[in-house]
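Asks: model the following, please.
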Amino acid sequence: MGNVFRGGGQSLHLSNGGTVVFIDVLMLAVSDLADDEWDYRFAALLTLQDQNVMGRGAVGFDLRDIAWGASMVERARSKDFVLRTAALALSRHRWNELEYDPPFARDYLLQFTSMVTSFVPSGGTQLGGGFPSPEERAVASCARHRVLSALPHWEGCFLCNRPESS
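Replies: Model prediction:
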């Protein structure tokens with residue numbers, strides 16, 4: 001079982017473990033970059049990829065399902081935010097806080113960056129399927145890990161929800 005992220009005519013197929021790595025490194029970056037309502041909505045989308053909450057093999061998204069903004073300026077700003085998030089994650093930002101070494105994260109992030117770069121967001125203000133509304137944006141931060149989370153809906157961030165290692 002695995003998960004698929006799509007966009008720009010490309011697909012990123014990840015195992016459940018690969019998905020954990022991909023989302024972990026993106027969450028560390030997005031948590032430090034978010035400063036606009038749309039950014040927090042994108043962060044909420046990433047929190048919905050937590051397989052410890054949503055179920056293994058039950059996550060993934062298509063860039064077409066994201067509400068990028070009504071105007072060209074809004075869409076360009078939103079796309080730039082996602083690319084800056086991926087770039088910050090590629091710089092190994094806060095990876096030392098993970099309890100593991102994410103050896104394939106760089107490859108996942110490079111493919112995701114290619115997907116986002118080649119993707120052309122469409123106009124319209126309707127919400128895409130599964131893209132969090134402004135009211136559902138991730139505004140809570142886990143005090144322990146300094147990571148945006150779906151609090152108060154879930155009991156902590158992705159690091160808090162991680163099962164104990166044996």
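
Asks: which SSE is immediately downstream of the one helix or strand residue 18 maps to?
Replies: Under the criterion of DSSP states H and E, residue 18 resides in helix 16-33. For helix 16-33, the succeeding helix or strand toward the C-terminus, using DSSP H and E, is helix 37-47.

Asks: coming back round to it: for the helix holding residue 18, buried residues please.
Replies: Neighbour counts over helix 16-33 (16 or more other C-beta atoms under 10 Å) mark 18-31, 33 as buried. Just so you know, the C-beta spots here come from the backbone N, C-alpha and C atoms, and that holds for glycine as well.

Asks: can I get the CA coordinates of that helix in PDB?
Replies: What follows is helix 16-33, C-alpha atoms only, in PDB (Å, rounded to 0.1, in the frame of the first residue of the first chain):
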ATOM      1  CA  ASN A  16       3.800   4.500   3.700                       C
ATOM      2  CA  GLY A  17       7.200   5.000   5.300                       C
ATOM      3  CA  GLY A  18       8.300   7.300   2.400                       C
ATOM      4  CA  THR A  19       5.100   9.400   3.000                       C
ATOM      5  CA  VAL A  20       6.000   9.800   6.700                       C
ATOM      6  CA  VAL A  21       9.500  11.100   5.700                       C
ATOM      7  CA  PHE A  22       8.100  13.400   3.000                       C
ATOM      8  CA  ILE A  23       5.500  15.000   5.300                       C
ATOM      9  CA  ASP A  24       7.700  15.200   8.300                       C
ATOM     10  CA  VAL A  25      10.400  17.300   6.500                       C
ATOM     11  CA  LEU A  26       7.700  19.500   4.900                       C
ATOM     12  CA  MET A  27       6.000  20.100   8.200                       C
ATOM     13  CA  LEU A  28       9.200  21.200   9.900                       C
ATOM     14  CA  ALA A  29       9.600  23.800   7.100                       C
ATOM     15  CA  VAL A  30       6.000  24.900   6.700                       C
ATOM     16  CA  SER A  31       5.800  25.500  10.500                       C
ATOM     17  CA  ASP A  32       8.600  28.000  10.300                       C
ATOM     18  CA  LEU A  33       7.500  29.800   7.100                       C
END
